[in-house]
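*Asks:* this one's structure only:
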Ligand code: SF4
């Protein structure tokens, strides 16, 4: 025990260094997205995240938008707990048979105008889960999809770029 404590005094940190972030680029993307949402909707964008069967890798990147590192709420963009308050549904994973009805009901509960963003390669075509007995299929097989953001998983910056492109394209 004493040896362990002694070693820990001189050992460097075991955690990985945090990824490089272009603060100015992220801030500009988030501001542009907020401006575009206000032009389109007259207010900030509200996002409801739906995990339809992912491995949670995509969720980690989506949640990162809310952490102290990216801190998306400082630009007015927010995640909401109910689809009834959402403008955008961000759906991850292939749609499992267990989640199909939940996704359909979430889509039905989201007021118009609404957008569906399929996040990650699994949402696009099933990814590594394609063909599984537990999977219904990709997100667009269950609800209409307005945008796919590719990646396994896509980075928070890619998520912001995708949302901005979506809102600007539907202006
Ligand atoms: S795209 Fe990759 S990170 Fe996202 S749910 Fe599929 S396997 Fe996981």
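*Replies:* Now that the structure is in, tell me what you want to look at. It should be emphasised that the depicted structure is a prediction, and the values quoted were computed from it without experimental measurement.
*Asks:* Could you pull up phi and psi at whichever residue of the chain sits closest to the ligand?
*Replies:* Using C-beta to the nearest ligand atom, residue 57 is the residue of the chain that sits closest to the ligand, at 2.6 Å. Every residue, glycine included, has its C-beta placed from N, CA and C. Residue 57 has phi and psi values of phi -70, psi -40 when expressed as degrees, to the nearest 10.
*Asks:* Could you do the one 4 residues further on as well?
*Replies:* The phi/psi pair for residue 61 (degrees, to the nearest 10) reads phi -70, psi -40.
*Asks:* What's the local residue count around it?
*Replies:* By the measure other C-beta atoms under 10 Å, the count of residues near residue 61 is 21.
*Asks:* residues contacting it?
*Replies:* Applying C-beta atoms under 8 Å, 6 or more residues apart in numbering to residue 61 gives the contacts 153, 154, 155, 156, 159.
*Asks:* quick one: which of those has the most company?
*Replies:* Highest count within these by other C-beta under 10 Å belongs to residue 159, 26 neighbours.
*Asks:* in the helix or strand of the chain with the lowest mean pLDDT, what's buried?
*Replies:* Of all helical and strand segments in the chain, the minimum by mean pLDDT, DSSP states H and E falls on helix 23-41, at a mean of 78. Using 16 or more other C-beta atoms under 10 Å as the test for burial, helix 23-41 gives 26, 29, 30, 32, 33, 34, 36, 37, 40.
*Asks:* Which strand or helix spans the closest residue to the fifth one other than its chain neighbours?
*Replies:* Closest residue in space to residue 33, ignoring its immediate chain neighbours: residue 164 at 4.4 Å, by C-beta to C-beta, 6 or more residues apart in numbering. In this structure, residue 164 sits in helix 156-169 according to DSSP states H and E.
*Asks:* so what does that helix touch, helix or strand wise?
*Replies:* helix 23-41, helix 57-64, strand 88-92, strand 115-119, strand 147-149 (3 or more C-beta pairs under 8 Å, 6 or more residues apart in numbering; DSSP states H and E).
*Asks:* and of the ones you listed, who's closest to residue 13?
*Replies:* helix 57-64 (20.2 Å; C-beta to C-beta).
*Asks:* Please state the offset of that closest one from the chain centre?
*Replies:* How far helix 57-64 lies from its chain's middle: 6 Å, per C-alpha atoms, centre = their mean, to the nearest Å.
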